[in-house]
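K.L.:
let's see this in three dimensions:
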Amino acid sequence: MADVAWAGSLRIPTSGAYEFVLPPGFLLSLDGAPWTESRYLASGLHTLSAQMANPEAQPTAADLVWRRPDPTQGMVQEAVPASAFFQIQPPQQGLLATYYAGETWSGPPLFQQVTPFL
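P.N.:
Alright, predicted model coming up:
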């Protein structure tokens, strides 16, 4: 059981491979899947749930750190800014886009994303 739980959305600013540096006892789930390793994320809102199961920890905004792509600096490690968290949910209706890693549109998809409008 978690001592602190939060559910909402996380805004990803730039599509690319993301990693999260989690403090001990911190459980993160993104788009309904537990976060275990680096993953390709599309820009936009993603469903997020977080639980702090460590009673000794003092959670703050700086407790969640990400490594994110930056167009000018490559990979950047920083605290996830408070402006990236929302209590609204990502769109559930719209066009389902499937993205592949290559020009042949083959192999497993990198990710899928609902686009509410074009």
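K.L.:
by mean pLDDT, point me to the weakest helix or strand of this structure.
P.N.:
In the chain, no helix or strand scores lower on mean pLDDT, DSSP states H and E than strand 111-115, which sits at a mean of 78.
K.L.:
what is that one packed up against?
P.N.:
If contacts are counted by 3 or more C-beta pairs under 8 Å, 6 or more residues apart in numbering; DSSP states H and E, strand 111-115 sits against strand 95-99. The way it works is simple: take the backbone N, C-alpha and C, and place the C-beta from them, glycine included.
K.L.:
dig out what the residue positioned nearest the centre of the chain forms beta bridges with.
P.N.:
For the chain, the residue nearest the mean C-alpha position is residue 30 (5.3 Å; C-alpha atoms, centre = their mean). Beta-bridge partners for residue 30, by DSSP bridges, are residue 33, residue 48.
K.L.:
so what strands line up beside the least confident helix or strand of the chain?
P.N.:
Going by DSSP bridges, the partners of strand 111-115 are strand 95-99 (antiparallel).
K.L.:
all set now, cheers.
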